[in-house]
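[1] Give me the fold of what follows.
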Amino acid sequence: MSRALLAHVLHRPPLLAARSGAGARGAALASRLHPLRRLSCSAAEVAAGSGDETSAPPARKKRVVSGVQPTGLVHLGNYLGAIKNWVSLQDLYETFFFIVDLHAITLPYEAPQLSKATRSTAAIYLACGIDSSKASIFVQSHVRAHVELMWLLSSSTPIGWLNRMIQFKEKSRKAGDENVGVALLTYPVLMASDILLYQSDLVPVGEDQTQHLELTREIAERVNNLYGGRKWKKMGGRGGSLFKVPEALIPPAGARVMSLTDGLSKMSKSAPSDQSRINLLDPKDVIANKIKRCKTDSLPGLEFDNPERPECSNLLSIYQIITGKTKEEVVSECQDMNWGTFKTTLTDALIDHLQPIQARYEEIMSDPGYLDNVLSEGAGKAAEVADTTLNNVYQAMGFLRR
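    Numbering: from 1, shown residues only. Reported below is the predicted structural model:
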């Protein structure tokens with residue numbers, strides 16, 4: 001799951017090495033983990049739809065959990081890398097999609113804008129096709145179990161595991177120790193809480209989030225070993241594992257969207273230049289101007305997967321996903337185009353695709369009562385599941401029952 005979003009496409013990172021023996025606590029995180037099994041979205045669809053007609057139906061659908069931060073404007077990378085995939089996942093799984101507002105305060109932010117951005121992000125979920133009758137849509141802070149479980153998990157998470165997290169190292173180095181809050185170090189534990197609360201089977205992840213899911217799995221295994229099984233049963237519980245250890249769910253190929261100004265960097269909310277991204281709510285003229293000015297090259301023709309032409313491959317991938325065409329169809333259509341012709345074609349495709357989303361967004365935002373009701377119902381459904389998990393953990397860890 002994304003702090004900002006969870007998306008990965010053009011290649012898959014190698015699987016982690018398997019755990020050898022019991023593993024020492026001081027060993028590297030990856031060496032302590034079982035291999036992180038990855039399931040592609042397409043493979044997941046087959047798995048969800050397959051089965052012998054004589055087989056007994058599953059007790060419940062598998063669960064998928066994901067979320068997006070309400071910081072900055074939701075952009076094309078967020079949409080194509082995560083939200084668009086959720087629309088198909090909600091038909092296959094029991095899904096929990098939330099706005100991770102608690103993660104949004106780990107770095108300096110504008111307090112008056114947080115609630116507005118949270119509502120806007122929820123409206124975008126709905127405008128993009130997330131159906132509240134199929135998925136639970138809610139605000140992270142509206143389910144208090146997220147923070148409570150984070151604290152309980154923190155007591156069993158060695159500080160060394162958090163010190164190794166790459167994103168903390170990068171962001172703390174840029175901001176400086178005096179400008180970095182403790183939350184930037186500990187937010188991966190909150191992310192683990194987000195996932196483990198719902199006994200999640202699958203978590204959509206991108207390349208930059210793989211380490212966080214590895215940590216989540218390790219925390220789950222550690223708490224299960226410390227407090228689960230017979231130990232929990234002696235405390236009056238049912239015994240067994242307190243947490244399900246989740247698997248990674250890989251988005252379909254092509255869903256990783258890169259910056260319009262640098263084909264080697266992901267499209268990002270935090271990039272200083274708005275020219276680097278297409279925001280979902282950008283007007284037509286802004287979209288046209290950004291595509292017109294985006295970075296390209298001087299080589300003839302257009303092609304995918306040439307490492308010397310990252311911007312070319314990125315723009316073709318965007319066109320492919322937006323239009324729903326195959327890579328072969330895009331190559332046949334565009335390989336002999338010049339940049340001027342292709343940029344016009346891409347601009348038209350983007351505007352045609354985003355216009356219905358923008359219209360639906362405005363409709364939703366004009367009816368605050370509807371949006372409030374969706375978020376309230378979603379939080380209620382989420383809390384039923386989350387509170388069960390939280391109460392089990394409190395019991396297993398020896399707390400006096402409320």
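[2] wait, what's in contact with Glu303?
    Arg309, Cys312, Ser313, Leu316, Val331, Gln335 (C-beta atoms under 8 Å, 6 or more residues apart in numbering). C-beta here means a position set from N, CA and C on the backbone, and glycine is covered the same way.
[3] Those in helices, which ones?
    Cys312, Ser313, Leu316, Val331 (DSSP state H).
[4] Let's have those in CSV, adding distance to Thr344.
    Shown next, in CSV, are the ones in helices among the contacts of Glu303 (distance: C-beta to C-beta, whole Å):
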residue, distance to Thr344
Cys312, 16
Ser313, 19
Leu316, 15
Val331, 18
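[5] Of the residues you listed, just say which sits nearest to Pro188.
    Distance to Pro188 across these (C-beta to C-beta) is lowest for Ser313, with 31.4 Å.
[6] re earlier: want to throw the contacts of Glu303 into a markdown table with neighbour count and distance to Leu371?
    Output for these, formatted as a markdown table (neighbours: other C-beta atoms under 10 Å; distance: C-beta to C-beta, whole Å):
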| residue | neighbour count | distance to Leu371 |
| --- | --- | --- |
| Arg309 | 19 | 43 |
| Cys312 | 23 | 40 |
| Ser313 | 20 | 38 |
| Leu316 | 24 | 36 |
| Val331 | 16 | 42 |
| Gln335 | 13 | 44 |
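[7] biggest separation within these, which pair?
    By the measure C-beta to C-beta, Arg309 and Val331 form the most distant pair in the contacts of Glu303, at 13.6 Å.
[8] Include distance to Val203 and pLDDT when you put the ones in helices among the contacts of Glu303 into TSV, please.
    Below are the ones in helices among the contacts of Glu303 laid out as TSV (distance: C-beta to C-beta, whole Å; pLDDT from 0 to 100):
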residue	distance to Val203	pLDDT
Cys312	32	96
Ser313	27	95
Leu316	29	96
Val331	33	96
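[9] wait, Ser200 sits on Ala248?
    No - taking contacts as C-beta atoms under 8 Å, Ser200 lies outside contact range of Ala248: 10.9 Å.
[10] Contacts made by stretch 358-366 with the rest, please.
    Arg119, Ser120, Ala123, Ile124, Leu126, Ala127, Leu280, Leu281, Tyr370, Leu371.
[11] Please identify the buried residues of that stretch?
    For stretch 358-366, the neighbour count (16 or more other C-beta atoms under 10 Å) marks Gln358, Arg360, Tyr361, Ile364, Met365 as buried.
[12] Buried residues in the helix or strand encompassing the first one, which are they?
    Secondary-structure element containing Gln358, defined by DSSP states H and E: helix 339-365. Within helix 339-365, the residues that count as buried by 16+ other C-beta under 10 Å are 339, 342-343, 345-347, 349-351, 353-354, 357-358, 360-361, 364-365.
[13] tilt between whichever helix or strand comes after it and helix 339-365?
    Counting by DSSP H and E, the next helix or strand C-terminal to helix 339-365 is helix 368-396. In terms of direction (axes from the mean of the first three to the mean of the last three C-alpha atoms, to 10 degrees), helix 368-396 departs from helix 339-365 by 80 degrees.
[14] Report all helices and strands that helix 368-396 contacts.
    Applying 3 or more C-beta pairs under 8 Å, 6 or more residues apart in numbering; DSSP states H and E, we find helix 368-396 packed against strand 94-99, helix 111-127, strand 135-139, helix 145-154, helix 210-227, helix 230-234, helix 339-365.
[15] As a markdown table, those with distance to Thr326 would be great.
    Below are the helices and strands packed on helix 368-396 laid out as a markdown table (distance: least, C-beta to C-beta, whole Å):
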| stretch | distance to Thr326 |
| --- | --- |
| strand 94-99 | 27 |
| helix 111-127 | 27 |
| strand 135-139 | 28 |
| helix 145-154 | 40 |
| helix 210-227 | 28 |
| helix 230-234 | 50 |
| helix 339-365 | 15 |
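[16] I'd like the ones you listed written out as a markdown table, with mean pLDDT and distance to Arg401 added.
    Shown next, in a markdown table, are those (pLDDT from 0 to 100; distance: least, C-beta to C-beta, whole Å):
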| stretch | mean pLDDT | distance to Arg401 |
| --- | --- | --- |
| strand 94-99 | 97 | 26 |
| helix 111-127 | 95 | 33 |
| strand 135-139 | 98 | 26 |
| helix 145-154 | 98 | 15 |
| helix 210-227 | 94 | 15 |
| helix 230-234 | 94 | 14 |
| helix 339-365 | 97 | 41 |
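[17] Out of these, flag the one nearest Val286.
    Judging the helices and strands packed on helix 368-396 by C-beta to C-beta, what sits closest to Val286 is helix 339-365, at 10.4 Å.
[18] Distance from the closest one to the middle of the chain?
    Computed by C-alpha atoms, centre = their mean, to the nearest Å, the chain-centroid distance of helix 339-365 equals 23 Å.
[19] Which residue ranges of the stretch 1-150 of the chain form strands?
    In the stretch 1-150 of the chain, the segments counted as strands under DSSP state E, counting those that start in this stretch are 38-40, 63-68, 94-99, 135-139.
[20] a markdown table for these, including mean neighbour count?
    Shown next, in a markdown table, are the strands of the stretch 1-150 of the chain (neighbours: other C-beta atoms under 10 Å):
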| stretch | mean neighbour count |
| --- | --- |
| strand 38-40 | 17 |
| strand 63-68 | 26 |
| strand 94-99 | 25 |
| strand 135-139 | 25 |
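[21] Turn those strands into TSV, columns for distance to Lys231.
    Below are the strands of the stretch 1-150 of the chain laid out as TSV (distance: least, C-beta to C-beta, whole Å):
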stretch	distance to Lys231
strand 38-40	31
strand 63-68	25
strand 94-99	28
strand 135-139	31
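[22] who wins for proximity to Leu80 among those?
    Of the strands of the stretch 1-150 of the chain, nearest to Leu80 by C-beta to C-beta is strand 63-68, at 12.6 Å.
[23] Much appreciated, bye for now.
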